[in-house]
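Peer 1: with the sequence up front, the predicted model follows.
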Amino acid sequence: MVKVNAPAMSLDASGSLAGAIVFSKWKGRNYVRSLVRPSNPKSVLQVAVRAMMKFLAQNWVNVAGNEKTTWDTLAKATSISAFNAYVSENMTNWRQHLAPSMVTPATRVGTLATVTAFTATGGYRQAALALTVTVGGTNWGAILHRTLTDVAPLTLATVIGVLYACDANIHNYTDTAVAPGTYYYWYHLFTTRGKLDTVPIHGTAAAIVT
């Protein structure tokens with residue numbers, strides 16, 4: 001609804017009209033613009049892309065100096081920083097269902113972590129996941145999946161997050177904004193050199209309650 005000060009089509013107006021235009025004021029000046037409704041697309045593939053982007057950005061700090069230098073040649077070739085080269089190359093590989101690597105080229109080797117427990121506990125519109133690692137090996141993280149049925153085939157469409165899991169510890173993740181229902185959670189381990197566990201391990205079915 002538009003509010004005006006003085007007769008219509010004159011001095012001062014604020015609000016939206018017909019869900020299409022907005023009247024407002026900035027630094028004492030009146031203006032009109034089209035109505036833009038904010039959006040935050042969250043398709044299944046976008047979730048997978050954002051999850052890996054977040055993991056890579058947060059864990060660049062854990063890449064050793066000699067490992068970071070392996071990105072210099074690629075960075076110079078494309079006139080970007082080593083960090084951007086690391087993100088770009090790993091995201092390209094991720095879209096091809098390949099695990100990220102701290103170095104380039106990825107050698108796809110290493111020792112995956114030993115996991116003794118993986119649990120999922122349902123709550124109000126969320127599930128708390130816990131991955132217990134007893135031997136870290138050269139593991140870097142775990143790709144987390146959520147499915148509606150107890151079946152093993154997993155794709156980028158089932159990814160909900162990427163968890164940093166490189167040491168002997170209990171690594172936690174909270175799957176939020178989940179609709180009520182029963183879900184199955186899975187994980188794939190991967191090493192610092194991009195080796196991916198080919199066998200998904202599935203945890204407890206989590207009953208999400210309202």
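Peer 2: That came through fine. Quick caveat: nothing in here was measured; it's all calculated off a predicted structure.
Peer 1: domains of the chain?
Peer 2: With domains defined by automatic domain parsing, the chain comprises 3-34, 44-94, 114-208.
Peer 1: which of these sits most buried?
Peer 2: Mean neighbour count (mean count of other CB atoms under 10 Å) peaks for domain 114-208 among the domains of the chain, with a mean of 17. All C-beta spots, glycine's among them, are computed from the backbone N, C-alpha and C.
Peer 1: please state the offset of it from the chain centre?
Peer 2: 13 Å (CA atoms, centre = their mean, to the nearest Å).
Peer 1: need the domains of the chain in CSV with mean pLDDT and distance to residue 105, can you?
Peer 2: Converted to CSV, the domains of the chain look like this (pLDDT from 0 to 100; distance: least, CB to CB, whole Å):
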stretch, mean pLDDT, distance to residue 105
domain 3-34, 55, 47
domain 44-94, 95, 8
domain 114-208, 92, 9
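Peer 1: between those, which one is closest to residue 107.
Peer 2: For residue 107, the closest of these is domain 114-208, at 4.7 Å, according to CB to CB.
Peer 1: what comes into contact with the longest helix along the chain?
Peer 2: The residue-count maximum for a helix in the chain (DSSP state H) belongs to helix 44-59. By CB atoms under 8 Å, 6 or more residues apart in numbering, the residues outside helix 44-59 that reach it are 86-87, 90-91, 94-95, 100, 140-141, 156-164.
Peer 1: give me the contacts around whatever helix or strand comes next after it.
Peer 2: Reading on from helix 44-59 to the C-terminus, the next helix or strand found by DSSP states H and E is helix 65-68. Identification of contacts with helix 65-68 by CB under 8 Å, 6+ apart yields 60, 82, 86, 102, 103.
Peer 1: one more pass at 7 Å, please.
Peer 2: With CB atoms under 7 Å, 6 or more residues apart in numbering as the test, helix 65-68 has contacts from 82, 102, 103.
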